[in-house]
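Asks: Just the structure for this:
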Amino acid sequence: MAVVTPDEKQRIKGIVCDILELDGDEIADDSLFVEDHDADSMRLIEILSSLELNLRVTIEQSELSRMVNLQGIYKVIGNIAR
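Replies: Okay, the predicted model is just below:
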């Protein structure tokens, strides 16, 4: 399992904040996108797509169920062979 670097975590958080229209201090690694930040399924797919483009990875849509917060995204990205 690859480790997500602090720089990558910052990039991921920035992408998520842009899509969810949040300031960085409004989101914690364990806050839930849907429950805490009112994200809908379209926003979640937008996060997935943006991560793929910006990080040059391919994320299976089945991973969306794990990508409920930043911690989940870090785990998913960390498991992808890069």
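
Asks: Pick out the residue nearest the middle of the chain.
Replies: The residue lying closest to the centre of the chain (C-alpha atoms, centre = their mean) is residue 73, at 4.3 Å.

Asks: Contact partners for that one?
Replies: Taking C-beta atoms under 8 Å, 6 or more residues apart in numbering, we find residue 73 in contact with 12, 16, 47, 51, 67. Every residue, glycine included, has its C-beta placed from N, CA and C.

Asks: Recalculate using a threshold of 10 Å.
Replies: The contact partners of residue 73, taken as C-beta atoms under 10 Å, 6 or more residues apart in numbering, are 4, 9, 12-13, 15-16, 29, 33, 47-48, 51, 59, 63, 66-67.

Asks: May I see the ChimeraX selection of the buried members of the residues you listed?
Replies: To isolate the buried subset of the contacts of residue 73 in ChimeraX, counting by 16 or more other C-beta atoms under 10 Å, use the following:
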select :4,9,12,13,15,16,33,47,48,51,59,63,67
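
Asks: now, which of the contacts of residue 73 lie within helices?
Replies: 9, 12-13, 15-16, 33, 47-48, 51 (DSSP state H).

Asks: can you put these in a markdown table and add pLDDT and distance to residue 23?
Replies: As requested, the ones in helices among the contacts of residue 73 are arranged in a markdown table below (pLDDT from 0 to 100; distance: C-beta to C-beta, whole Å):
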| residue | pLDDT | distance to residue 23 |
| --- | --- | --- |
| 9 | 96 | 17 |
| 12 | 97 | 16 |
| 13 | 98 | 11 |
| 15 | 98 | 14 |
| 16 | 98 | 12 |
| 33 | 98 | 15 |
| 47 | 97 | 17 |
| 48 | 96 | 22 |
| 51 | 97 | 20 |
